[in-house]
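> Predicted structure and sequence below. I'll ask about it afterward.
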Amino acid sequence: MPRRKTLSDEEVLVAASRLLHEQGPDALTFESLGRACGLSPATLVQRFRTKAKLKQATLLHAWDGLDAKTAALAASTPKTPEGAIELLVGLSDYGGIETYAEGLLVLREDLRDPVLRARGAAWKAALSAALDERFAGIAGVPRGIGLLMASQWQGSLLWWGFDPQGRVEDFVAAGLRGFVAALVPDTAVQPTA
């Protein structure tokens, strides 16, 4: 008798995340996930119960990854304005415009679910605090610069999406350097090589 394939929830959620980001939220079904990971749809229903719970578990898994990436960048970038730019550029690796556009569909799902919205709010607070930390001790810095800078970053991503010329990372870095120079003129931020 052939041995049944077993996968951890982590492995299943990695496959679900890939499916969600490559084909959009509506493509994430028990049947499509079963094909992607090799488990039967019935087994997946036993684990996740409903499509809504599967989608939520997949998106919570994605939030875990974003939280970990944000924490790693916060720990590895300098506590300077240029480090703030480096941190946000590190979070901007969306790939091409199609990948970015699919990400907006995923964001729509986050906004619809109160549990996922709470994760987004917590990430906003953590990201803003990490950015604030990079401006600590600099005279003339507006209160709440971390949230202001994160908002500028999100706007840069959106504007790049309408006219995706060049790499998103380069567009974001240039926009953030201009933002820092306008808000804190005495702070020199230089392009990295």
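Nice, thanks for sending it over. These numbers were taken from a predicted model, which means no experiment stands behind them.
> going forward, measure contacts and count neighbours with C-alpha atoms only.
Will do.
> Which strand or helix spans the spatially most central residue of the chain?
Ranked by distance to the mean C-alpha position of the chain (C-alpha atoms, centre = their mean), the top residue is residue 66 at 5.1 Å. Using DSSP states H and E, residue 66 maps to helix 51-76.
> What helices and strands are in contact with the helix or strand bottoming out on mean pLDDT in the chain?
Ranked by mean pLDDT, DSSP states H and E, the helix or strand of the chain with the weakest confidence is helix 97-112, at a mean of 84. Helix 97-112 is packed against helix 9-23, helix 114-133, helix 145-162, with contacts defined by 3 or more C-alpha pairs under 8 Å, 6 or more residues apart in numbering; DSSP states H and E.
> in the last one, what counts as buried?
Translated: helix 145-162. By neighbour count on 16 or more other C-alpha atoms under 10 Å, the buried set for helix 145-162 is 145-150, 152-153, 156-157, 160-161.
> Mind listing what's buried along whatever helix or strand comes next after that helix?
Using DSSP H and E, the helix or strand that follows helix 145-162 in sequence is helix 168-183. For helix 168-183, the neighbour count (16+ other C-alpha under 10 Å) marks 168-169, 171-173, 175-177, 179-180 as buried.
> ok, now stretch 133-140?
In terms of neighbour count (16+ other C-alpha under 10 Å), stretch 133-140 has its buried residues at 133-135.
> Endpoints of that stretch, how far apart?
14 Å (C-alpha to C-alpha, to the nearest Å).
> who's in contact with that stretch?
Residues outside stretch 133-140 that contact it (C-alpha atoms under 8 Å, 6 or more residues apart in numbering): 78-81, 83-84, 141, 145, 184.
> What is the nearest of the residues you listed to residue 103?
Distance to residue 103 across these (C-alpha to C-alpha) is lowest for residue 84, with 23.0 Å.
> on that earlier part again, least trustworthy position among the contacts of stretch 133-140, going by pLDDT?
Lowest pLDDT among those: residue 184, with 87.
> Look up how far residue 139 lies from that residue.
8 Å.
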